[in-house]
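1. Let me see the structure of the following:
(chains A, B and C)
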Amino acid sequence: MICFLRKIVLAAALSTTPLAALNAMEGWSDIEAAARGETVSFNAWGGSPAVNDYIDWVAAELDNRFGIELVHVKLTDTADAVSRVIAEKSAGRTEGGSVDLVWINGENFSRMKEEGLLFGPFLDRLPNAALIDVEDNQSAVVDFALPTEGYEAPWGLSQFVMAFDGDEVETPPRTMRALLSWAEAHPSRLTYPAPPNYIGTTFLKQILYEVVEDDAALLEPVDAEAFEAVTQPLWSWLDALHAQLWRSGRAFPQTDVAQHQLLNDGEVAITFGFNPGNIANMIENGTLPENVEIATFEAGTIGNTHFTAIPFNATAPEAAMVTANFLLSPEAQARKEDPAYWGDQTVLEIDGLEPEAQALFEAIPQHPLVPPPGSIRPVLPEPHPSWHELLERTWLERYRR
Amino acid sequence: MLAGPLVAGLLGTLLPALGYLPAIGAREIGSTVFREMLAEPGLARAAWLSATTGLIGAGLALAVAMAIMAVFAGSRWWRAIRTATPAFLAVPHAALAIGLVFLIAPSGLLVRFAIALSGIDRTVPPDWLIVNDSNGIALIAGLALREAPFLLFTLIAATHPFETERQFKIARSLGYNAAEVWLSVLLPQLYRRIRLPVLIVIAYGVTNAEIALVLGPTSPPTLTLLILEWFRDPDVARRLIGAAAAAMEIGLVVLCIFLWLVIERILTSWRQKLVNAGRVRPLAVIATWSGRSAAGLVYALGLLAMSVLMLWSVTGRWRFPDPWPDSLSLAAWVRSGDEVSTALGTTLGIGLIASVLALVLAVLAFENRNARRGVPRNLGRKTQNLGIAALYIPLLIPQISFIFGLQIAMIRSGLDGRWAGVILSHLVFVIPYTALILIDPYRKLDPRFARTARSLGHGPWSVFLHVNLPLLARPLAFAWAIGFSVSCAQYLTTLFVGQGRVMTLSLEALALMGGGDRRQTAVMALLLALLPVASFGLAAAIPRLAWPRLYRRQSVRTRPT
Amino acid sequence: MTLVLDRLSIAVPGKTLLADFSLSVPGGEIVTIMGPSGSGKTMLLNYLTGHLPQGVRAEGSVRLGDRRIENLPPERRGLGMLFQDDLLFPHMSLGENLMFAVPRTIKGRRDRRCCADRALSWAQLEGLFDRDVDTLSGGQRSRAALMRALLAEPSAMLLDEPFTALDSNLKNEIRTFTFDHLKTRGIPTLLVTHDPTDAQAAGGPVLEPWKDYYPIN
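-> Residues are numbered from 1 along each chain as shown, chains lettered A, B, ... in the order given. Next up is the predicted model:
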């Protein structure tokens, strides 16, 4: 089933992203020349010291190689950057905007694209776009079921994983049925971030994939009439789970990091997050204890790609494109995948790279907790964004009153 | 000058609330948005939580501040309390709240100590809903803990030492003990002078995001957090709902203030009845006991919360239920040092300019008002009061809704991304606080000092420099320090108006605190407190160094024993 | 020099405090204005010194010698002022309080200090230059306040119930001290009070402009 869906999605994606290589390459040196001496204001979540350090490294490299000054505007929420672009549009500032490049995906992207707040399409002008693995990871060109159409450049791949206290949880519950019975046997040792937190909503979708009859429907726009009936198994499953949750389901962590903190404090034994490498990084730097292990769901895990995009009124779009291109270079991607630096999966197709570039990835020390890249399969695609909205709303209606 | 940003900010809230936000294609003015907002899940409960926690938190803070004053004014502890109180004001709300969580959560330091001391074998924290409880009790406690020192500070500032001492002696001679005198004679008078700060505290309690985010209920959270969520929703149409809720929140604040005025009236007449009936003693006994325990609790919790923050900032690894970190490390400090060094300079520069500018403007306004004092009670009062009330609007509504409009105005005027724009937007919040601190000292200042100096041949500037400035040095210095701290704490204003081009400490700090690494959070919370604490230290030292004749002595000599 | 008030009227909304009031105070004379509290005495002094609050309407001219002063800023009117409280500045020493009043035309620390020391000796306060003002006795403070006012070389003095706060022994002493100094220097003085003994001691004309409004007094 999932295989069939992938083909459809892939076909749609490829048709909208023509990698018109030759033409693009000609223009690229002009773009690099225009970018020299420019400043790129990169608006990206600044909550992780590891990510901030990585961006600092990128800034140094950009300065050396391309004469570009990269300024990391540290956000607490990507929506703040979106707000700023909206405010600039409201005030009639169509050029000279304050955001040159923004770290984005999913809903934020779909809104910016719908409101005409994005520059582009620009992806096919980036030389490194040719290296992207589209075949095995259609989420690189279909962001939450919305074709990116070249308005954003893939940056990294995230997969939904489970982190657990290895001393307390002997066999991790890798199906939803097992998770529920584990929770019943261990009351108040489990929780999840409250939707609309990203991880929380992804958890709902992960459950949905296992409990709905026909998961093909998840990739189509939601049928509001049928929604209640289709999602009924999800809600009854959650009703059963909530009674067993941490604080009996009367309080939820509001963010995924707050949830990981609960694991570190011993308040819960299982948490959810994105990316095994990222969890490994947190164990390395002491945010999570050393006895934490990682597991995935048997039926597959939801995967999504995060991107960089350029607002319509960016001051230095050329320099922003050079930056986005550098972020896609094998060197930058390999460093990013190394749990010592960040632990985020690459979006490049490693087999298709030059041998020297492949060597960079092979040189990454294998972390004992992290499965080899590409081994967590199948990757479930994100449902259509309309599901996202209704799921969140229904969850809030049921559990927030 | 302030009217511009203010009007822009309000319009930026109200127009979207009515459905007008052309940037996202919304142009139809009507009540649709309001109807949609009312259908949002959890809205009524969130509003109820905001109102109850704000009112109860502020009431508790006031009660604690008054009880501390009644019990300790003039005692041997008084000096220590007076010194410690401003230091509390310098600690950012978020830092205190986070420290409190590290302390009282089921996995916090207190439980760890209890386990270690009792020898219970337990590796799992108890499943108690202490923080984020659904009725907001932890939030109320956090609000009271943070605001009681603020109200105590304003109470102290409003005390007129000589007048107070005289009345104290008279009342004691009539056969009342110290606590009774405070309750029946002095505090009722003082309350009238600090009413405005109390109302500000109520408004802050109802609308605050920082403390509610850390300690407040989660399902649903308070109204401000819901608004924040809507304003940050990727679905930009939700901003309209957020704006409508922000408009509703203004109404909620007004309602709460009205309720408070009713409660205040009831309590006042009840207290006076007790006094008239000669039954103030039981109240005094309660006040004495609660004052003692509250003072202990407030200062101990505050101190412990800050200590546990410091401990976390140098922690390597720290697992439950260990009462002490498994390893210590300076890594978080070292890493932060690199990140914040330039931001420190920017914060200092912007803070200094904004706070001094606000102080100058406030002083000009008050000097001007003072020169025309003694107005018979009718003319010009009302318009003047309206003007003053407008000044406080930015403190009464959630920043995020207000800031969107402010940001658009700044972009239109080309001030965004520049220091000038950031400073101007900080002033919207700095000036009201500066003015708030100065109202009462200026009211208390005997205008005849200045008139005498004028009659001795000194012009207005010389009179200010040689007479009013030294006489008001202490409140002026604290007003400056408060203004400076408010500027340092500005997060959303700086982010939105500075467009990410003006990077201050709070931007760096809040971004990193969002990451949830406790050690990093602790370092950032402490760094955030650094400049304000230094400014309060300066504010305490400057008057004493510059005018030793006036400020080397302690003034309130109302010993309660 | 003579202080002349010509057809003064003062009104707050809904109430006339003073209508068509004229008065002339020659040098060395002390004219007493009597009236109960709340009658408008203070408002009259506020008008003369230039501190009239907002919302109070007043007209009429005030002359000091040949100068019209009612539109000058307070510090250039040449009117000295004494209040019920001595209002010595608490952040200055006694000597600094006096030096503060020495006219600008006298420059240099030493010369100004010299003026202050002379005033201290007139007030029998020799050697107390560095004292904190709140360590002084009530009599010392009152004498210092007068000296401070006189050091500024006023062309006329306004006294706003300056003796009310003093106890009766001290009152006589300070009253005599004050009136003697003012008369010796030939300064026209307007004394506002509700105490008949003040008026007696002043020895000049006594006016009661509010008699018609408050016939009981």
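2. Just give the nearest non-adjacent residue to residue 204, would you?
-> Chain wasn't specified; assuming chain A. Of all residues not flanking A:Leu204 in the chain, A:Leu391 sits nearest, at 5.1 Å (Cβ to Cβ, 6 or more residues apart in numbering or on different chains). Every residue, glycine included, has its C-beta placed from N, CA and C.
3. Not quite, go with chain C.
-> Per Cβ to Cβ, 6+ apart, closest to C:Gly204 is C:Ile30, 4.3 Å.
4. residues contacting the one you found?
-> C:179, C:182-183, C:189-191, C:202-204 (Cβ atoms under 8 Å, 6 or more residues apart in numbering or on different chains).
5. same check, this time on A:Val347
-> Taking Cβ under 8 Å, 6+ apart as the test, what A:Val347 contacts is A:132-133, A:137, A:140, A:154-157, A:305, A:328, A:333.
6. in which helix or strand would I find A:Ala299?
-> Per DSSP states H and E: A:Ala299 is located in neither a helix nor a strand.
7. residues near the closest residue to it other than its chain neighbours, how many?
-> Nearest non-adjacent residue to A:Ala299, counting by Cβ to Cβ, 6+ apart: A:Glu210, 5.3 Å away. With neighbours defined by other Cβ atoms under 10 Å in any protein chain shown, the count for A:Glu210 comes to 19.
8. quick one: A:Glu210 from A:Leu180, how far?
-> A:Glu210 sits 11 Å away from A:Leu180, going by Cβ to Cβ, to the nearest Å.
9. nearest residue to A:Trp45 other than its sequence neighbours?
-> In space, A:Trp45 is closest to A:Leu75, 5.3 Å off (Cβ to Cβ, 6+ apart).
10. How much space separates that neighbour from B:Thr347?
-> 18 Å.
11. of the two, who's got more company?
-> Between A:Leu75 and B:Thr347, counting by other Cβ under 10 Å, B:Thr347 is the more crowded of the two (29 against 24).
12. Assign the more buried one to helix, strand or coil.
-> helix (DSSP: H, G, I helix; E, B strand; the rest coil).
13. Skipping adjacent residues, who's closest to A:Trp235 in space?
-> Once flanking residues are discounted, A:Trp235 sits nearest to A:Arg398: 6.6 Å by Cβ to Cβ, 6+ apart.
14. ok, which stretches of chain C are strands?
-> Using DSSP state E, the strands found in chain C span residues C:3-12, C:15-25, C:30-34, C:57-64, C:67-68, C:79-82, C:156-160, C:189-193, C:206-207.
15. mind putting the ones you listed in JSON lines, mean pLDDT included?
-> Output for the strands of chain C, formatted as JSON lines (pLDDT from 0 to 100):
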{"stretch": "strand C:3-12", "mean pLDDT": "91"}
{"stretch": "strand C:15-25", "mean pLDDT": "89"}
{"stretch": "strand C:30-34", "mean pLDDT": "93"}
{"stretch": "strand C:57-64", "mean pLDDT": "92"}
{"stretch": "strand C:67-68", "mean pLDDT": "92"}
{"stretch": "strand C:79-82", "mean pLDDT": "92"}
{"stretch": "strand C:156-160", "mean pLDDT": "93"}
{"stretch": "strand C:189-193", "mean pLDDT": "93"}
{"stretch": "strand C:206-207", "mean pLDDT": "90"}
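16. Single out the most deeply packed of those.
-> strand C:79-82 (a mean of 26; mean count of other Cβ atoms under 10 Å in any protein chain shown).
17. Please identify the helix or strand for the closest residue to chain B within the stretch 151-300 of chain A.
-> At 2.7 Å from chain B, A:Val257 is the closest residue in the stretch 151-300 of chain A, using Cβ to the nearest Cβ. In this structure, A:Val257 is located in helix A:256-264 according to DSSP H and E.
18. Could I get the average pLDDT for stretch B:390-402?
-> Across stretch B:390-402, pLDDT averages out at 74.
19. picking that back up, so the residue nearest to A:Trp45 sits right up against A:Ser83, yeah?
-> No: under the criterion of Cβ atoms under 8 Å, A:Leu75 is not in contact with A:Ser83, lying 10.4 Å apart.
20. Show the subsequent helix or strand relative to the helix or strand that B:Ala481 is a member of.
-> Element membership for B:Ala481, per DSSP H and E: helix B:473-489. Sequence order places helix B:492-498 as the next helix or strand after helix B:473-489, per DSSP H and E.
21. which residues sit against that following helix?
-> A:75, A:80, A:83-84, A:87, B:350, B:399-400, B:403-404, B:406-407, B:410, B:415-417, B:421-422, B:424-426, B:428-429, B:502, B:504, B:506-507.
22. Which residues of chain C lie near chain A?
-> Taking Cβ under 8 Å from any Cβ of the partner chain, no part of chain C reaches chain A.
23. Please work out the residue of chain C nearest to chain A and name it.
-> For chain C, Cβ to the nearest Cβ, closest residue to chain A: C:Gln54, 40.3 Å.
24. Name the nearest residue to C:Gly80, ignoring sequence neighbours.
-> In space, C:Gly80 is closest to C:Pro154, 3.2 Å off (Cβ to Cβ, 6+ apart).
25. Near the one you found, how many other residues are there?
-> By other Cβ under 10 Å, neighbour count at C:Pro154 equals 24.
26. Low-confidence ranges, chain B, go.
-> B:1-3, B:23-24, B:371-388, B:398, B:400-401, B:552-561 (pLDDT under 70).
27. so who does B:Met248 touch?
-> B:34, B:37, B:47, B:223.
28. And what about it, helix, strand or coil?
-> Once three-state DSSP is applied, B:Met248 turns out helix.
29. give the contact list for C:Ser24.
-> C:2-5.
30. Any chance of CSV for the residues you listed, columns distance to A:Gly300?
-> CSV is the format used below for these (distance: Cβ to Cβ, whole Å):
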residue, distance to A:Gly300
C:Thr2, 106
C:Leu3, 101
C:Val4, 103
C:Leu5, 99
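31. Closest one to chain B out of the residues you listed, please.
-> Once Cβ to the nearest Cβ is applied, the member of the contacts of C:Ser24 that ends up nearest chain B is C:Leu3, at 14.0 Å.
32. Looks like that closest one contacts C:Pro188 (just checking).
-> Yes: counting by Cβ under 8 Å, C:Leu3 does reach C:Pro188; the two are 4.2 Å apart.
33. got the angle for the longest helix seen in chain C vs strand C:30-34?
-> Longest helix of chain C, by residue count under DSSP state H: helix C:168-184. Orientation note: helix C:168-184 sits at an angle of 130 degrees relative to strand C:30-34 (axes from the mean of the first three to the mean of the last three Cα atoms, to 10 degrees).
34. I'd like the distance from helix C:168-184 to the chain centre, please.
-> In terms of Cα atoms, centre = their mean, to the nearest Å, the centre of helix C:168-184 is set 13 Å apart from its chain centre.
35. Could you do stretch B:43-56 as well?
-> 19 Å.
36. buried stuff in it?
-> For stretch B:43-56, a neighbour-count test (16 or more other Cβ atoms under 10 Å in any protein chain shown) marks B:43, B:45-47, B:49-56 as buried.
37. now for the strands of chain C, which one comes closest to B:Ser462?
-> strand C:79-82 (16.3 Å; Cβ to Cβ).
38. Enumerate every residue touching B:Asn135.
-> B:49, B:217.
39. Spell out which residues sit in contact with the residue nearest to A:Leu204, please.
-> A:Leu391 makes contact with A:195, A:201, A:204-205, A:208, A:231, according to Cβ under 8 Å, 6+ apart.
40. same thing with B:Gly9?
-> B:394, B:402-403, B:405-406, B:409, B:428.
41. go with 6 Å
-> Counting by Cβ atoms under 6 Å, 6 or more residues apart in numbering or on different chains, B:Gly9 touches B:402, B:405-406.
42. Can you lay out the contacts of C:Ile30 as CSV showing distance to A:Gly300?
-> Listed next are these as CSV, based on distance: Cβ to Cβ, whole Å:
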residue, distance to A:Gly300
C:Phe179, 105
C:Leu182, 103
C:Lys183, 108
C:Thr189, 101
C:Leu190, 99
C:Leu191, 100
C:Ala202, 105
C:Gly203, 110
C:Gly204, 108
